[in-house]
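Asker: Return a 3D structure for these sequence lines:
(2 chains)
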Amino acid sequence: MSNSNFTRRGVLKTGAIAGGSLAVPTIFTAGSASAFTNEPTGSSVTLGFNVPQTGPYAEEGADELRAYQLAVEHLNGEGDGGMLNTFSSKALKGNGILGKKVEYVTGDTQTKSDAARASAKSMIEKDGAIMITGGSSSGVAVAVQGLCQEAGVIFMAALTHSNDTTGKDKKANGFRHFFNAYMSGAALAPVLKNAYGAERRAYHLTADYTWGWTQQESVQAATEAMGWQTVNNVLTPLATTDFSSYIAPVLNSGADVLVLNHYGGNMVNSLTNAVQFGLRDKMVNGKQFEIVVPLYSELMAKGAGENIKGVYGSMNWNWQLGDEGTKAFVQSFGQKYGFPPSNAAQTSYAQTLLYADAVERAGSFNPCAVVEALEGFEFDGLGNGPTLYRAEDHQCFKDVLVMKGSDNPTSEYDTLEIVEVTPRAQVEYAPDHPMFAGGDLGTCNPGA
Amino acid sequence: MFGLEKKDTSLLVIVAILALFAPFILNPFPTESGLAQFNAGYPDLMQRFVIFGIFAIGFNILFGLTGYLSFGHAAFLGVGSYSVVWMYKLLDYNILPGLVLAVITAGIFALLIGFVSLRRSGIYFSILTLAFAQMSFNLAYSVLTPITNGETGLQVYNNDKQILMSAGDPTSPHLFGIVMNKSANLSIAGWDFTFNNGYYFCAVILLIVFYLSIRIFRSPFGMMLRAVKTNQTRMNYTGLNSRPYTLAAFVISGMYAGLAGGLMAAMDPLAGAERMQWTASGEVVLMTILGGVGTLLGPVLGAGFIKYFENIFSKINDNVLHGWFSFLPDGLENLLVGIIHPFVGKGWHLTLGLLFMLVVIFLPGGLMEGGQRIRERFGKKKGGGGGKDAEHHPKEAPHVAE
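Answerer: Next up, the predicted model:
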């Protein structure tokens, strides 16, 4: 190197410049006088809808977004009011939240934690969002929930089914309305026992990531408790599209039930493979071979088509329910978009209303006041029957639907039929249940 | 200054000024105006500009100088992030130990991966690095879950040890008490400017590594690397063993990536496996090509460009569009919204793809070439058309940016 002489003067200069640039941010005092992050001061309040718009769960994200937009309309007093009319709490009057008009910003999580956090951060830092909601993967939900806890805003989780969201990763500023893997297991087990008997040998194929594991663990525990045996649990990489090599060993394992702990496109592929191998026509141990898919969604049912007939699974909500809340929601959603809402849409809609209602009842947007209003809140009329937001872990407790692939669907929207509405008491668990242990809610963080 | 030639010094000074005044430059529109949608001067995005700038600068040392196209640099990014979060979990929220560890572990990873991958060149090298990166991703995603927390991503929990943590310490990343996510605000006549500690910390790091990269570009070592790119076979025939040089370049750029990954976790205490996915590796290749391969400033521009689209265009939804065109009659408004709709919101990939195509077709040298052409045209006017006709005496496009 020809000219690499560090002179004393040069070093001093560098030091001065570096020091100066470090000092810059401290020249201005952080003199924001608000009591909490993004305190709304004008005539409107901004909510952040952070859903996957690209990537594997884009369809779910699009449906969530539709539901959010509908919820905002209803909160602002436009449209027919939907579930506002059937909601047991009457605090909301259709004039926005606390008299402020509801506005919203949207973002794309890409079903990636990083992108989701970047998008949520821009909503909080740039758009002044006071609440973030969305997510359709447990990893993303957990990541964004952590971010909201740090930033001091409320996170209303939408589609996230892993036990961890309100288990070991629970946060004081985060709330989940959707059900979880444990509840799926607890609701499914008795139905499976009735349908297939107590003497069954199950073989699990499990998506190899956190959600898959918690669901497998939950289903295994619930089915073993009623007498089933678990032959094997095979983990499948998330990117797998051809499950043939995983299905073949099932035939020789002596198992007579196959449990597919897969979601989305994974489940569509593995179920199709299993049916192609003729598993459902086999007789093993003198019994008909059966397949179970613990977590169902409308989109998966659509994707799997014929193969889903007679297969059991569970859901958070379904548009075919007969209660007043469901009817009102299905009607206003159908009127606006022309087809019935998915269970992802329902949980998104309900979460938005629950947040707005909590603010209204608390009389403040302060996250700590909202947390207080939501903790232990009992309500009804949002489509799931009487529901409790438990204070210990911010998880909603409500009835769980056990579904079955319908034998004679009349349209593309009723490919699933409701087998049983499992009562809330049956899916409840202690907050310190081993599957949920290890977490700490911490204290609510109002930010600033 | 600092042992640099005049031209390089002025480049460094320009970058320093840009970095210092970024909160102003990136917030050109008043907060309440409709165009505020295009403001990028909020802390998270500014941090991302700088961090991915560092990532791309490092990548460019390998790709721009030696021509070895690595498709696995995201692995080092991820390793850096995990190192920093683990330091949070074990020691405390001070970012310094984590960043040092991030650079070291990324360097070790790069040494191992580079040692194997650099036995081949060209497409085989690319595939080897891609394979290693995918392997790291899968390890992080499921196999090594106790270390990486799998799909959920590594976070700090309240019951973590944090042995250096005492009662009054900040509970988010900080540098000896300077909390990274703290900001100062300045409101002037409708404009809001945010000055964020974390951003300025990243900016200082950027300046340091940018300076380092200039020194590498101008050093005899850099010259050797460029020789590898030009004709490695001839180099080998002259008796020079080029592999130590390429390996050194690989490790250096891996350390840059580790530093960038560490900074990501220093700004936002989370490390996720998808940071290591091949798409992330591909992104840095795009950034470098978009900005200008082998140029000093290009990769930083490319990084900023892509991150801007990802974060700003993806947030423009129909509601916003209707807001913009509400002054038009209804039919026309819906038509315009209908035309623009596929290019914003979830269609941001499409817009970015189109722009990328345009740049690659018309400006093969990236954004830097665009800048150069503008300057040439500008300069010619200024000079009154004096001198030789540029068309007939084309100046050889400089291999490395000026």
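
Asker: near chain A, which residues of the stretch 51-200 of chain B show up?
Answerer: The stretch 51-200 of chain B comes close to chain A at residues B:138, B:141-142, B:145, B:149-153, B:155, B:157-159, B:172, B:181-186, B:194-197, B:200, as judged by C-beta under 8 Å from any C-beta of the partner chain. Where C-beta positions appear, they are placed from N, C-alpha and C, glycine not excepted.

Asker: same thing but at 7 Å, please
Answerer: Counting by C-beta under 7 Å from any C-beta of the partner chain, the stretch 51-200 of chain B comes close to chain A at B:138, B:141-142, B:150-153, B:155, B:157-159, B:172, B:182-186, B:195-197, B:200.

Asker: Torsion angles phi and psi at A:L401?
Answerer: Backbone torsions for A:L401, taken as degrees, to the nearest 10, come to phi -90, psi 130.

Asker: picking that back up, show me the residues of the stretch 51-200 of chain B next to chain A that map onto strands.
Answerer: B:Q155, B:S183, B:A184, B:N185, B:L186, B:F195, B:N196 (DSSP state E).

Asker: secondary structure class for A:E417?
Answerer: strand (DSSP: H, G, I helix; E, B strand; the rest coil).

Asker: which residues touch it?
Answerer: A:M403, A:K404, A:S406 (C-beta atoms under 7 Å, 6 or more residues apart in numbering or on different chains).

Asker: quick one, domains of chain A?
Answerer: Domain assignment for chain A, taken from automatic domain parsing, gives A:44-179+A:319-393, A:182-315.

Asker: What segments of the stretch 251-400 of chain B are helices?
Answerer: Counting by DSSP state H, counting those that start in this stretch, the stretch 251-400 of chain B has helices at residues B:278-291, B:298-312, B:318-324, B:330-340, B:348-362, B:367-382.

Asker: Buried residues, the fifth one. List them.
Answerer: Put plainly, it is helix B:348-362. B:W348, B:H349, B:T351, B:L352, B:F356, B:V359 (16 or more other C-beta atoms under 10 Å in any protein chain shown).

Asker: Would you confirm that the first one contacts B:I316?
Answerer: Translated: B:W348. No. Judged on C-beta atoms under 7 Å, B:W348 makes no contact with B:I316 at a distance of 8.3 Å.

Asker: rewinding a little: can you list the domains of chain A in TSV and add distance to B:F325?
Answerer: Formatted as TSV, the domains of chain A follow (distance: least, C-beta to C-beta, whole Å):
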stretch	distance to B:F325
domain A:44-179+A:319-393	18
domain A:182-315	33
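
Asker: Quickly compare the ones you listed and say which is most buried.
Answerer: domain A:44-179+A:319-393 (a mean of 23; mean count of other C-beta atoms under 10 Å in any protein chain shown).

Asker: Next, the distance between the ends of that domain.
Answerer: Using C-alpha to C-alpha, to the nearest Å, one end of domain A:44-179+A:319-393 lies 31 Å from the other.

Asker: near chain B at all, it?
Answerer: Yes. Interface with chain B: domain A:44-179+A:319-393 contributes A:53-54, A:105-108, A:112-114, A:117-118, A:121-122, A:125-126, A:138-139, A:142-143, A:146, A:150, A:164, A:169 (C-beta under 7 Å from any C-beta).

Asker: returning to that earlier point: between the buried residues of helix B:348-362, which is closest to chain A?
Answerer: B:H349 (6.5 Å; C-beta to the nearest C-beta).

Asker: Need the pLDDT of A:R117.
Answerer: Listed pLDDT for A:R117 reads 90.

Asker: Find the nearest non-adjacent residue to it, please.
Answerer: A:L147 (5.0 Å; C-beta to C-beta, 6 or more residues apart in numbering or on different chains).

Asker: For the one you found, give me the pLDDT.
Answerer: In this model, A:L147 carries a pLDDT of 91.

Asker: Same check on the one 5 residues further on?
Answerer: At A:G152, the model reports a pLDDT of 91.

Asker: mind listing what it touches?
Answerer: A:F36, A:T37, A:P367, A:N445, A:P446, A:G447, A:A448.

Asker: so B:Y308 touches B:N39, yeah?
Answerer: No. Between B:Y308 and B:N39 there is no contact under C-beta under 7 Å: 10.7 Å.

Asker: rewinding a little: out of the buried residues of helix B:348-362, which touch chain A?
Answerer: Okay, of the buried residues of helix B:348-362 touching chain A (C-beta under 7 Å from any C-beta), that's B:H349.

Asker: one step back: among the contacts of A:G152, who's most crowded?
Answerer: Top of the contacts of A:G152 by neighbour number is A:P367, holding 28 neighbours under the definition other C-beta atoms under 10 Å in any protein chain shown.

Asker: Could you pull up the residues touching that residue?
Answerer: So A:P367 contacts A:F36, A:G152, A:V153, A:I154, A:N173, A:C444, A:N445, A:P446 (C-beta under 7 Å, 6+ apart).

Asker: How about the secondary structure of the first one?
Answerer: The three-state assignment at A:F36 reads coil, by three-state DSSP.

Asker: Just the local confidence number for it, please.
Answerer: 87.

Asker: so the nearest residue to it once chain neighbours are set aside is in which element?
Answerer: Nearest residue to A:F36 in three dimensions, chain neighbours excluded: A:P446, at 3.7 Å (C-beta to C-beta, 6+ apart). Using DSSP states H and E, A:P446 sits in no helix or strand.

Asker: how close does B:I374 get to chain A?
Answerer: 29 Å (C-beta to the nearest C-beta, to the nearest Å).

Asker: Flag the shaky bits of the stretch 1-150 of chain B, pLDDT-wise.
Answerer: For the stretch 1-150 of chain B, residues meeting the criterion pLDDT under 70 lie at B:1.

Asker: Chain A now?
Answerer: A:1-34, A:448.

Asker: 80 instead?
Answerer: Applying pLDDT under 80 to chain A flags residues A:1-35, A:55-56, A:136, A:238-239, A:448.

Asker: Where do the helices of it begin and end?
Answerer: A:8-27, A:58-75, A:113-125, A:138-151, A:181-196, A:210-225, A:244-251, A:265-276, A:298-304, A:324-337, A:343-362, A:367-374, A:424-427 (DSSP state H).
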